[in-house]
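Student: predicted model and sequence follow; I will ask about them next.
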Amino acid sequence: MKISLEWLNSYLDRSVAADEAERILTAIGFPLEGVEDQGEDAVLDVEVTSNRGDCLSHIGIARELAAATGRRLREPEVAVVEAGPEARTLATVENRDLHACPLYTARVITGVKVMPSPPWLAARIEAIGLRPINNIVDVTNFVLHEMGQPLHAFDLARLDGRRIIVRPAQEGEQFTAIDTSRHLLAPPMLVIADARVPQAIAGVMGGAASEVTDQTVDVLLESAQFDPLSVRTTSRALRLASDSSYRFERGVDPAGVDRASRRAAQLIVELAGGTLAPGVIMAGEPAIAPRIVPMRPERCSALLGYRLPVERMVQWLAALGLTPELEGDCIHCTIPTHRRDLAREVDLIEEIARLHGYEHIPVEPKMRIVARPPQKLVQVRQTVARVLTAHGFLETINFSFLAPKLGEPFLDGRELVQVDEDKKKAEPGLRPSLLPSLLGCRKSNQDAGNKEVRLFEIAQTFGRKGDGYQESRRLALLADAQDLSGSLRAMRGTIEELLEHLGAEQIRIVPGQDRAWARPAAHLVDGGGEGPIIGAYGPATPAMLKLFDLQTPVVLAEIDYEPLIRNYPPRPRVGPLPRFPAIERDLSLIVDEPVTWEEVDRLIARTRPALLEAVEFVTVYRGKPIAPGRKSVTLRMTFRDPQRTLKHEEVNPQVQAVVDSAARELNAEVRTG
């Protein structure tokens, strides 16, 4: 940002030289990119960070210099003389979008004489690289660079109906800016319109149709506050930038909107004559009250690494205009509305470090590191990665964007969230699932000739339902499936081992309805059979394979991450080693095809065989000599008595009880051959 040194010194009680200004500004966080000598003046090219919109003006930089050097800031006196009919009788203002424009003000000046600016004003404008236009336009540019508040002057007679309407643009509206560029508008771009058409792009640039010319007699002076995101989005969409948009994008002082308007009105009347109509036409919310932020001197000393007297802390905070008040062991600061970057205690501590000098922060010859245990989220992610890599899975990291057609099968009743960004025309959607990314990775591996691929990813997914946006963290897995039955069992085994290592005993795997991306599908249920479904796994459907151009069948799984890790770390159960041997009995039951392992497992639990220690699924068989529509499920039951050695004669009745229950409830029979 260009700063005229002569202009800057007009706001300080003691002048500062160019080399001193460069040294001080660099020390307090505003390094100079260069200094241009202009004879009696010098122009400083000051680098201002995006969070310091209050310093995008000569008074803003002067305020920082005054705070750092003990100088006194001399702001210009603003006094306006009003006469004639009320402003609200000469023009009307309607604000239809209080979110994008929290505050809009307008003043009316009648009977002005537009002419070239006086030498002092033209010199100020030229010093920072601008071209003088006329006394009205130059005043608005002068106040913008003086106070940091953008303004715009309309020719009131060229506003249809002498009316201002702040509203979103309509689809297809056309607009010609004062730089003669033409633009096609669309919602939600915010415009300043008259009764018929847009006359300015809010916060960006005025229009040629209502600009001030030599024929202008009456002026409507705009001063407003616009939403930074709205201005930035519009400016980039139209590829139209200005000094005004640069400041609105970084936020302006809501309390400075009216002051800048009065300052500009004062100068216009002085330089162009005319009469300022009494009152201001205001549409929007009044300026917010300053917030109070406390700071503990002990915390300040702890963070800075050295002790600074409390009186000195108060002095630095007072120099910044924060009106500090020491109450007990805390300093309460009233944050002025132009300091949007000060919201927390640490922000105030940084201000003290900045003004007192970063060179006072001690540099130790050795670093002191406090060893702390890893955070839970770090530990659980390491556990997930360790289990999955042990099963041959490789972690992937993918972009969150995808083409809409790739995300539609994974919406599950939601809507796709899309971004409005030029560089994402082909992939404007935020992924509702991680599976499209894994399927895309599998396609890349297929093209590279890689086989037996297993992938996983942990990341955020996005969706929209009604007016609300949904964001959730998920775990997704993909594994090649040349042998579909074996791959499904392997995927289930991987998931069960993961649940065990995470302590997620409340999650059960049950048969479920097919998904658009998997058929058949098994569901993961949180809290038993009646709990919410938090995930699913199954073989990718032919439609999925075709969509991603895959030649290899794959098994997919996706699980909500939060319920998966809720009970981490698992509580280990420790007991003495068994003193007596166990008896294992393998049992093959021929059941109908629809019968699931879950049903067999629950039947055994209901039968409650005495001294049963564990039940384990072994395998399933279909084919001769088993009749069509039936299958053989083999399971292993382990029996043990902790007090003595069991005899086979004691186990036989327990096994027979299971066989009888299975025959009665599942129409099962024992396979003998």
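Tutor: Received it, and whenever you're ready, just let me know what you need.

Student: contacts for the helix or strand bottoming out on mean pLDDT in the chain?
Tutor: Sorting the helices and strands of the chain by mean pLDDT, DSSP states H and E puts strand 507-512 at the bottom, at a mean of 86. The set of residues external to strand 507-512 that reach it, using Cβ atoms under 8 Å, 6 or more residues apart in numbering, is 492, 495-496, 499, 520-529, 533-534, 536, 563-564, 596, 598. Where C-beta positions appear, they are placed from N, C-alpha and C, glycine not excepted.

Student: how about stretch 236-254?
Tutor: So stretch 236-254 is contacted by 50-54, 56, 102-103, 141, 144-145, 148-150, 152, 177, 181, 183, 189, 201, 203-205, 225-226, 228, 231-232, 234-235, 287-288, 336-338, 340, 420, 422 (Cβ under 8 Å, 6+ apart).

Student: how about a cut-off of 6 Å?
Tutor: With contacts defined as Cβ atoms under 6 Å, 6 or more residues apart in numbering, stretch 236-254 is touched by 50, 53, 56, 148-150, 183, 203-205, 225-226, 228, 231-232, 235, 287, 337-338, 340.

Student: drop anything exposed from those.
Tutor: 53, 56, 148-150, 183, 203-205, 225-226, 228, 231-232, 235, 287, 337-338, 340 (16 or more other Cβ atoms under 10 Å).

Student: in helices only, show me the contacts of stretch 236-254.
Tutor: With DSSP state H as the criterion, helices contain 228, 231-232, 235 from among the contacts of stretch 236-254.

Student: among those, which one sits closest to Ala195?
Tutor: For these, the residue nearest Ala195 by Cβ to Cβ is Val231; the value is 24.0 Å.

Student: what sits closest to the closest one if chain neighbours are left out?
Tutor: Nearest-residue entry for Val231: Gly203, 3.9 Å, with adjacent residues in sequence omitted and distances by Cβ to Cβ, 6 or more residues apart in numbering.

Student: quick one: the helices in the stretch 201-350 of the chain?
Tutor: For the stretch 201-350 of the chain, applying DSSP state H, counting those that start in this stretch gives helices covering 228-238, 243-248, 256-272, 297-304, 310-319, 345-356.

Student: next: the stretch 351-500 of the chain.
Tutor: In the stretch 351-500 of the chain, the helices defined using DSSP H, counting those that start in this stretch lie at 376-390, 404-407, 435-447, 484-502.

Student: most packed of these?
Tutor: Ranked by mean neighbour count under mean count of other Cβ atoms under 10 Å, the helices of the stretch 351-500 of the chain are led by helix 435-447, which reaches a mean of 20.

Student: just checking, what packs against that one?
Tutor: If you count contacts as 3 or more Cβ pairs under 6 Å, 6 or more residues apart in numbering; DSSP states H and E, helix 435-447 packs onto strand 468-480.

Student: Leu388 contacts Phe456, correct?
Tutor: Yes - with contact defined as Cβ atoms under 6 Å, Leu388 counts as touching Phe456 (5.1 Å).

Student: do you know how far Thr461 is from Arg340?
Tutor: Distance, Thr461 to Arg340, by Cβ to Cβ, to the nearest Å: 33 Å.

Student: drop anything exposed from the contacts of strand 507-512.
Tutor: By neighbour count, with 16+ other Cβ under 10 Å, these hold 492, 495, 499, 521-526, 534, 536, 563-564 as buried.

Student: adding pLDDT and distance to Ile583, write these out as JSON lines.
Tutor: Shown next, in JSON lines, are the buried ones among the contacts of strand 507-512 (pLDDT from 0 to 100; distance: Cβ to Cβ, whole Å):
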{"residue": "Arg492", "pLDDT": "93", "distance to Ile583": "27"}
{"residue": "Ile495", "pLDDT": "96", "distance to Ile583": "30"}
{"residue": "Leu499", "pLDDT": "94", "distance to Ile583": "28"}
{"residue": "Ala521", "pLDDT": "89", "distance to Ile583": "37"}
{"residue": "Ala522", "pLDDT": "89", "distance to Ile583": "32"}
{"residue": "His523", "pLDDT": "91", "distance to Ile583": "35"}
{"residue": "Leu524", "pLDDT": "91", "distance to Ile583": "33"}
{"residue": "Val525", "pLDDT": "91", "distance to Ile583": "33"}
{"residue": "Asp526", "pLDDT": "90", "distance to Ile583": "36"}
{"residue": "Ile534", "pLDDT": "93", "distance to Ile583": "38"}
{"residue": "Ala536", "pLDDT": "95", "distance to Ile583": "38"}
{"residue": "Pro563", "pLDDT": "93", "distance to Ile583": "38"}
{"residue": "Leu564", "pLDDT": "92", "distance to Ile583": "36"}
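
Student: for Glu40, state which of those is nearest.
Tutor: Leu564 (70.8 Å).

Student: for that closest one, phi and psi?
Tutor: Reported as degrees, to the nearest 10, the phi and psi values for Leu564 are phi -70, psi -40.

Student: that older thread, the helices of the stretch 351-500 of the chain: which one's closest to Glu64?
Tutor: helix 376-390 (40.0 Å).

Student: pLDDT of that closest one, averaged?
Tutor: If you average the pLDDT over helix 376-390, you get 94.

Student: dump the C-alpha coordinates for it into PDB.
Tutor: C-alpha atoms of helix 376-390 as PDB (Å, rounded to 0.1, in the frame of the first residue of the first chain):
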ATOM      1  CA  LYS A 376      -6.400 -39.500  22.000                       C
ATOM      2  CA  LEU A 377      -7.100 -38.700  18.300                       C
ATOM      3  CA  VAL A 378      -3.500 -39.300  17.400                       C
ATOM      4  CA  GLN A 379      -3.300 -42.600  19.200                       C
ATOM      5  CA  VAL A 380      -6.600 -43.900  17.800                       C
ATOM      6  CA  ARG A 381      -5.500 -43.000  14.200                       C
ATOM      7  CA  GLN A 382      -2.200 -44.800  14.800                       C
ATOM      8  CA  THR A 383      -4.200 -47.800  16.000                       C
ATOM      9  CA  VAL A 384      -6.500 -47.800  13.000                       C
ATOM     10  CA  ALA A 385      -3.500 -47.500  10.600                       C
ATOM     11  CA  ARG A 386      -1.600 -50.300  12.400                       C
ATOM     12  CA  VAL A 387      -4.500 -52.700  12.200                       C
ATOM     13  CA  LEU A 388      -5.300 -52.000   8.600                       C
ATOM     14  CA  THR A 389      -1.700 -52.000   7.400                       C
ATOM     15  CA  ALA A 390      -1.300 -55.400   9.100                       C
END
